[in-house]
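turn this into a structure:
(3 chains)
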Amino acid sequence: METNEHNIIFDHAIDLEKIAVSGQCFRWKKLGDGCFGIPSAGAYTRARQINPFVIAITNTRYTTYWENYFDRAGQLYNKALSQAEKMDQAGDQFIKKVLGAAAQEVVVLNQELWEIMVSFMISQNNNIPRIKKTIDAMCEYFGERRTAVNGDEYTTFPDPEKLTDLKALRGLQGLGYYRGKYIATLAQNVVSGKVNLIKLAAMDYADARTYLKSIYGIGDKVADCICLYGLGHKESFPIDTWIRKVVTDEYGGKFPVENYAGTAGIVQQWIFYYIQTRGREHAGKI
DNA sequence: ATACAGGTCTTAA
DNA sequence: TTAAGACCTGTA
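As a prediction, this is how the structure comes out:
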């Protein structure tokens, strides 16, 4: 069933297919015809690519929400690209390959803080297929089933109140005992007010990172992911096992974040997309 | 069977 | 401050 659509227009090229496999959104569903079903917290839209600068969404009631979700007004992409091109011209062979794959068509989405916190707690010491399966099971069991205006069925991401029961969480496919413990504890602390997400959202990157790391189950990597994907701190540069290998093999152990002032997280996302799709040989894998 | 996944915690030097 | 081990579990 087709309803009307709203176009979101970017000032730089983007690619929904690339965003979908860039490892930041675990709940996107490919629906065919280049169309994606996209839940976010309790909201939902379809999105499809019109041309490199334009996507169309079906949720025409909350266009402002979705324009922010896709970081439409983000001012850092052209800056990040020129910084990367400068490194390319200076002889950085790895970033040359990343740009050669047009990885700069990946944007860093602005996703819901609570959903990102739980999702990236689940991501630790885990693999992407299982992360997706576990999050889907979590939404199915603890979230709500809804029908979007265009007729699509989707599930909402469960509120903190729903995730306080460790015994119930233990029933989820592949969550694992220690991740379940982290989530139940965090959910309890959010409900009681001991962890304050409003305050967290108002902090700058350094303070947010410190606050997050004080939470049981959140270390350097997950804290940086939450900063980047859930709080919009584009200077955050999460270092996971894949990025670590790139940094070791291609950059002699230290990534030159100083050459990507304010944009390191965006470049990290481009690199991660590149590794996930065709660059694993550079990270020691096929 | 053993190793690995978008790591973090605990404990010990 | 850094280093080694343990840790839930599905997949290859």
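
quick check: residues of chain A near DNA strand C?
Within chain A, the positions near DNA strand C by Cβ under 7 Å from any atom of the strand are A:125-127, A:129-130, A:133, A:170, A:173-179. Where you see a C-beta, it was placed from the backbone N, CA and C, and this is true even at glycine.

now list the buried members of those residues.
Those of the residues of chain A next to DNA strand C that meet the buried threshold are A:126, A:133, A:175, A:176, A:179, by 16 or more other Cβ atoms under 10 Å.

select, from those, the two members most distant in space.
Pairwise distances across those (Cβ to Cβ) peak at 13.2 Å, for the pair A:133 and A:179.

what's the separation between residue A:190 and residue A:216?
Applying Cβ to Cβ, to the nearest Å, the value for residue A:190 to residue A:216 is 12 Å.

if you could redo that for residue A:157, that was the one I meant.
Taken as Cβ to Cβ, the spacing of residue A:157 relative to residue A:216 amounts to 21 Å.

more neighbours: these two, which one.
In terms of neighbours (other Cβ atoms under 10 Å), residue A:157 is the more surrounded of residue A:157 and residue A:216; the figures are 25 against 11.

would you check how far apart residue A:223 and residue A:50 are?
Applying Cβ to Cβ, the value for residue A:223 to residue A:50 is 36 Å.

ugh, wrong one, I meant residue A:164
Residue A:164 sits at a distance of 43 Å from residue A:50 (criterion: Cβ to Cβ).

looking at the two, which one has more neighbours?
Taking other Cβ under 10 Å, residue A:164 and residue A:50 do not tie; residue A:164 has more neighbours (18 against 13).

tell me the contacts of the more buried one?
Contacts for residue A:164 (Cβ atoms under 8 Å, 6 or more residues apart in numbering) come out as A:184, A:187, A:188, A:191.

which ones among these are found in helices?
Using DSSP state H, the subset of the contacts of residue A:164 located in helices is A:184, A:187, A:188, A:191.

before we move on, the earlier item: turn the buried ones among the residues of chain A next to DNA strand C into a markdown table, columns for secondary structure, pLDDT and distance to DNA strand B.
What follows is those, written out as a markdown table (DSSP: H, G, I helix; E, B strand; the rest coil; pLDDT from 0 to 100; distance: Cβ to the nearest atom of the strand, whole Å):
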| residue | secondary structure | pLDDT | distance to DNA strand B |
| --- | --- | --- | --- |
| A:126 | coil | 97 | 5 |
| A:133 | helix | 97 | 12 |
| A:175 | coil | 97 | 12 |
| A:176 | coil | 96 | 8 |
| A:179 | helix | 98 | 9 |
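
which residue is the nearest non-sequential neighbour of the closest residue to DNA strand B within the stretch 101-250 of chain A?
Scanning the stretch 101-250 of chain A for proximity to DNA strand B using Cβ to the nearest atom of the strand identifies residue A:219 as nearest, at 2.4 Å. The shortest distance from residue A:219 to any non-neighbouring residue, by Cβ to Cβ, 6 or more residues apart in numbering, is to residue A:213 (6.6 Å).
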